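**Q** test case, fold it:
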Amino acid sequence: MSYSVDMNITDAIHQAVLTEPLAAWTPAVGPDGGIHVGACVAELTGCMLDGWPKGMRLIVR
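**A** Have a look, this model is predicted:
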């Protein structure tokens, strides 16, 4: 199953990224298993995903 989602960075998403607690961020790992220095990822949840397909995740870097 494949979805095409028109992804726009809304103000809600932007604010969520800016206010995500430090503990929520994890070092980004590349395909080779190496850590990308200076890059972290977090998963956003909540109302900004309203209207997205069920099961869709929002991972931010």
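
**Q** make it CA atoms for all contacts and neighbour counts henceforth
**A** Noted.

**Q** have a look at this protein and report its longest strand.
**A** Scanning the chain for the longest strand, with DSSP state E as the assignment, gives strand 35-44.

**Q** in it, what counts as buried?
**A** 42, 44 (16 or more other C-alpha atoms under 10 Å).

**Q** mind giving me the packing neighbours of that strand?
**A** Other helices and strands packing on strand 35-44, by 3 or more C-alpha pairs under 8 Å, 6 or more residues apart in numbering; DSSP states H and E, are strand 26-29, strand 58-60.

**Q** kindly reformat the ones you listed as a markdown table containing distance to residue 42.
**A** Formatted as a markdown table, those follow (distance: least, C-alpha to C-alpha, whole Å):
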| stretch | distance to residue 42 |
| --- | --- |
| strand 26-29 | 6 |
| strand 58-60 | 5 |
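
**Q** tell me which of the ones you listed sits most buried.
**A** strand 26-29 (a mean of 14; mean count of other C-alpha atoms under 10 Å).

**Q** contacts for stretch 23-42, please.
**A** 43, 59, 60, 61 (C-alpha atoms under 8 Å, 6 or more residues apart in numbering).

**Q** a markdown table for the residues you listed, including distance to residue 18?
**A** Shown next, in a markdown table, are these (distance: C-alpha to C-alpha, whole Å):
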| residue | distance to residue 18 |
| --- | --- |
| 43 | 13 |
| 59 | 14 |
| 60 | 11 |
| 61 | 11 |
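
**Q** now residue 35: how far from residue 51?
**A** Distance, residue 35 to residue 51, using C-alpha to C-alpha, to the nearest Å: 33 Å.

**Q** same question, residue 16
**A** 17 Å.

**Q** more neighbours, those two?
**A** Just comparing residue 16 and residue 51: by other C-alpha atoms under 10 Å the higher neighbour count belongs to residue 16, 15 against 7.

**Q** that's a helix at that one, yeah?
**A** Yes - judged by DSSP: H, G, I helix; E, B strand; the rest coil, residue 16 forms part of a helix.

**Q** report pLDDT for it.
**A** What the model reports for residue 16 is a pLDDT of 89.

**Q** identify the residue nearest it in space, chain neighbours excluded?
**A** Leaving aside its sequence neighbours, residue 16 sits nearest to residue 44 (C-alpha to C-alpha, 6 or more residues apart in numbering; 7.3 Å).
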